[in-house]
Structure formats: structure tokens, C-alpha cells
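> Build the 3D model from these lines:
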Amino acid sequence: MNTNAAKLISVDWGTSNLRAYLVDANGGVIDKVQNDQGIRNSKADFASTLAALIEPWQADQPALNVILSGMIGSPSGWVEVPHLPCPATLADLAAQATAITHIGSNRAYIVPGLSGTNAVGVADIMRGEELQYFGAEHLRQAQNLPRPTLWCFPGTHNKWVRARMSIESFATSMVGEMFELIRQHSLLAVSLTETVPAPTTTEARSTTQSAAFAKGLAMASQSGGLLHHLFSVRTLQLSGEHHLSEGEDYLSGIMIGHDILAQLGSTPSHVGIVAAPQLAGKYAQALDLLGHSSFCIDAEQATTAGALLVDKRLATAGS
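Predicted coordinates:
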């Protein structure tokens with residue numbers, strides 16, 4: 001591992017997880033480390049937690065900026081960095097990045113989140129996706145991909161972002177969190193447990209899961225609404241129309257389908273998806289089946305590319 005090629009350290013510090021990336025001048029990841037010490041779980045002070053995580057990168061290298069994004073800048077985090085109002089540019093983000101401390105010889109900065117109003121004019125907020133957006137837009141241009149109508153950041157709290165030169169507006173939908181609550185704590189959980197023999201091959205299992213997911217998407221397109229559709233997870237299993245092993249993918253199809261339909265309706269749109277590959281693939285499949293087009297950018301690459309852009313702005317401001 002050639003740490004001498006490092007340009008910065010990018011840290012994505014969420015509620016549950018802490019991830020750090022050693023990044024080169026081209027945005028490539030030289031090394032990465034992670035643990036479960038998100039702001040909700042960290043047992044030590046934040047400075048010590050971060051120092052311990054990146055300690056292997058400290059020796060024999062020049063001082064690097066550490067660019068932190070995510071919930072670490074929230075009121076429950078290390079230092080509260082207020083949300084910036086939309087519309088917001090990359091320059092705005094870098095100008096309001098808050099220097100908080102030194103970790104060894106490295107200076108640490110927290111990038112602010114954003115505030116705005118959603119599709120119905122209600123206040124909305126984000127932390128982390130703003131950095132990913134600017135990184136993803138940079139990667140989109142580098143790959144010569146067509147500009148999307150809307151950006152989608154699937155996750156615990158999905159973000160749907162309208163942006164061009166700046167982030168203009170966004171809307172949050174609690175898809176991931178509600179999926180986990182239903183999967184673990186609702187009546188429907190008993191219809192999601194796999195107690196029947198699963199397909200014996202990876203190909204057969206993938207086909208079964210894909211079919212169940214598509215069936216859930218089709219249900220989301222019907223009348224009756226989300227709350228009515230959710231109960232079909234239970235009734236279809238009890239009636240024998242699908243197995244317990246299909247329930248989770250069917251539920252996922254229902255919830256992702258409703259999320260997409262609520263944001264895009266039936267008008268064909270082009271969407272940029274920023275997520276880990278497996279989750280991005282689910283949204284890409286759903287968008288295709290619902291009549292839309294899309295492209296995917298890996299969330300880690302978007303995070304490190306965004307951090308590098310902020311770092312360059314900081315260097316310019318300091319020169």
C-alpha cells in the first residue's frame with residue numbers, strides 16, 4: 001500500500017457506521033477502514049475514535065486534510081455544523097466546511113448538510129448526500145453520461161434531488177427505515193421468514209427473488225394505496241400464492257415501487273442513482289420496469305470524489 005500517494009482522508013460518519021477512505025489525487029481509494037462506531041454507538045470521544053481508526057495511515061506521509069460528512073455534523077455529533085439553505089453550490093459547501101481539530105498532523109473539517117423544502121413545501125434536511133451529489137455529478141460528467149431529470153440516493157432515508165449547477169431542492173422518503181421496521185417488528189415479519197427449501201442454485205434463487213420483486217412493483221402500481229398493498233405480503237403467503245422465501249423481495253418491490261411512483265409518477269424520466277451496487281441495482285430494475293431509464297454511480301466513489309472537490313476548494317481558499 002503506497003500511502004505516500006495519498007491526497008486526503010474522506011470520512012463518512014453516520015448514525016450507525018463509521019467509514020474512512022485514504023484517497024489519491026485522482027479520487028481513487030488507496031485503502032479503506034470501517035467499524036460500527038457511528039455517532040449512536042461510539043463509546044469514546046469522537047477525536048479518539050477517529051484517531052484510532054486512521055492510525056495506520058499516520059506514519060511516513062505528509063499532512064492531509066480529513067473531510068468529514070454525514071451525521072457527525074448534527075446536533076448529536078462532534079460539532080454541530082448548521083445546514084446550508086438550498087440552492088447550494090459546491091463553493092458554498094466548501095466555504096462553510098468547519099475546521100474542528102487536528103488528528104495527528106492532519107486537519108479535520110466537517111462539511112455542512114443542507115436544508116430546503118420538499119415537493120409539498122415542507123421543511124426537509126440532508127447530511128452526507130450533498131457531498132455525494134457533487135462527487136456523483138463530477139463522475140457523471142467524466143463518464144459523459146446524460147444529465148438526469150432527478151437524482152436518487154437510496155438508503156435508510158432516501159433522498160430525491162433536483163440539481164444542475166447547484167442543489168436546488170430535494171425530498172426525503174423513509175423507505176429503508178420503514179422496510180426494516182416492518183421486516184423486524186410488524187405482523188408481516190412472520191410472512192418473511194424462510195422456512196421452506198430455497199432454490200438450490202444461485203441462478204434459480206436470483207430468478208425467484210427478481211420475480212417476487214417485480215410482483216411487488218406491479219402491486220405498487222395498482223389502486224388502493226401503500227397501507228392496503230402492504231397487507232398483501234401476509235395474505236399472499238397465507239393463500240399459498242408465494243412462499244415465505246419470496247416475501248422480503250415482494251415487500252421491497254412494494255415499497256420501492258411506491259417511492260418511485262410518488263416522486264416520478266408515470267412520466268418517463270431519467271434518473272441518476274447513487275448507492276452501493278446491490279441497492280442501486282434494485283432501483284435500476286424498478287425504474288426500468290416502471291418505464292424510466294437510469295444510470296448508477298457507486299456511493300463510495302461519489303463520497304470520495306466529493307471530498308476531493310471540497311479539499312481542492314479549501315486549498316484554493318487557503319492559498
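> How are the helices of the stretch 201-319 of the chain distributed by residue range?
202-220, 226-238, 244-264, 277-289, 299-318 (DSSP state H, counting those that start in this stretch).
> Can you point out the buried residues in the last one?
Read that as helix 299-318. By 16 or more other Cβ atoms under 10 Å, the buried positions in helix 299-318 come out as 299-311, 313-314. Backbone N, C-alpha and C define where each C-beta goes, glycine included.
> Just want the angle from it to helix 277-289.
Angle, helix 299-318 to helix 277-289, by axes from the mean of the first three to the mean of the last three Cα atoms, to 10 degrees: 110 degrees.
> same check, this time on the second one
Angle, helix 226-238 to helix 277-289, by the same axes, to 10 degrees: 100 degrees.
> Name the residues that touch helix 226-238?
When contacts are defined by Cβ atoms under 8 Å, 6 or more residues apart in numbering, helix 226-238 is touched by residues 182, 187-188, 190-192, 219-220, 222, 242-244, 247, 250-251, 254-255, 258.
> let's see 10 Å
With contact meaning Cβ atoms under 10 Å, 6 or more residues apart in numbering, helix 226-238 is reached by 178, 182-183, 186-193, 212, 215-216, 219-224, 239, 241-248, 250-251, 253-255, 257-259, 261-262.
> mind checking how far it is from the chain centre?
28 Å (Cα atoms, centre = their mean, to the nearest Å).
> can you dump the C-alpha coordinates of that helix into PDB?
The C-alpha trace of helix 226-238 is given here as PDB (Å, rounded to 0.1, in the frame of the first residue of the first chain):
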ATOM      1  CA  LEU A 226     -49.400   1.600   0.300                       C
ATOM      2  CA  LEU A 227     -51.100   0.600   3.500                       C
ATOM      3  CA  HIS A 228     -53.500  -1.700   1.600                       C
ATOM      4  CA  HIS A 229     -50.800  -3.100  -0.500                       C
ATOM      5  CA  LEU A 230     -48.600  -4.000   2.500                       C
ATOM      6  CA  PHE A 231     -51.100  -6.400   3.900                       C
ATOM      7  CA  SER A 232     -50.900  -8.500   0.800                       C
ATOM      8  CA  VAL A 233     -47.400  -9.600   2.000                       C
ATOM      9  CA  ARG A 234     -49.300 -11.600   4.600                       C
ATOM     10  CA  THR A 235     -52.400 -12.700   2.600                       C
ATOM     11  CA  LEU A 236     -50.400 -13.900  -0.500                       C
ATOM     12  CA  GLN A 237     -48.200 -16.100   1.800                       C
ATOM     13  CA  LEU A 238     -51.200 -17.500   3.700                       C
END
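> got the buried residues for it?
Applying 16+ other Cβ under 10 Å to helix 226-238 flags 226, 229-230, 232-234, 236-237 as buried.
> do the third one as well
Using 16+ other Cβ under 10 Å as the test for burial, helix 244-264 gives 245-261, 263-264.
> for this structure, which spans come out with low pLDDT?
In the predicted model of the chain, residues 1-4, 60, 194-208, 318-319 satisfy pLDDT under 70.
> how does it look with 50?
195-205, 319 (pLDDT under 50).
> Look through it and report the residue furthest from the middle.
Distance from the C-alpha centroid of the chain, by Cα atoms, centre = their mean, peaks at Ser239 (36.1 Å).
> Next, give phi and psi for it.
phi -80, psi -10 (degrees, to the nearest 10).
> got it, and Ser169?
phi -160, psi 170.
> what's near enough to touch it?
86-87, 114, 116-119, 124, 160-163.
> what's the closest of those to Trp13?
Leu114 (16.8 Å; Cβ to Cβ).
> ok, so what distance separates that closest one from Phe170?
Distance from Leu114 to Phe170, counting by Cβ to Cβ, to the nearest Å: 7 Å.
> so how many other residues sit close to the closest residue to Cys296 other than its chain neighbours?
Distances taken as Cβ to Cβ, 6 or more residues apart in numbering place Ala280 nearest to Cys296, at 4.1 Å, with adjacent residues excluded. Neighbour count for Ala280, taken as other Cβ atoms under 10 Å: 21.
> so how far is Glu137 from Ala280?
Distance from Ala280 to Glu137, by Cβ to Cβ: 16 Å.
> go on, Gly121?
Distance, Gly121 to Glu137, by Cβ to Cβ: 25 Å.
> quick one: which of the two has more around it?
Glu137 (26 against 7).
> Relative to the whole chain's centre, how far out is the helix or strand containing that one?
Per DSSP states H and E: Glu137 is located in helix 129-142. Centroid displacement of helix 129-142 relative to its chain, using Cα atoms, centre = their mean, is 13 Å.
> and the angle from that helix to helix 299-318?
Using the same axes, to 10 degrees, helix 129-142 lies at 100 degrees relative to helix 299-318.
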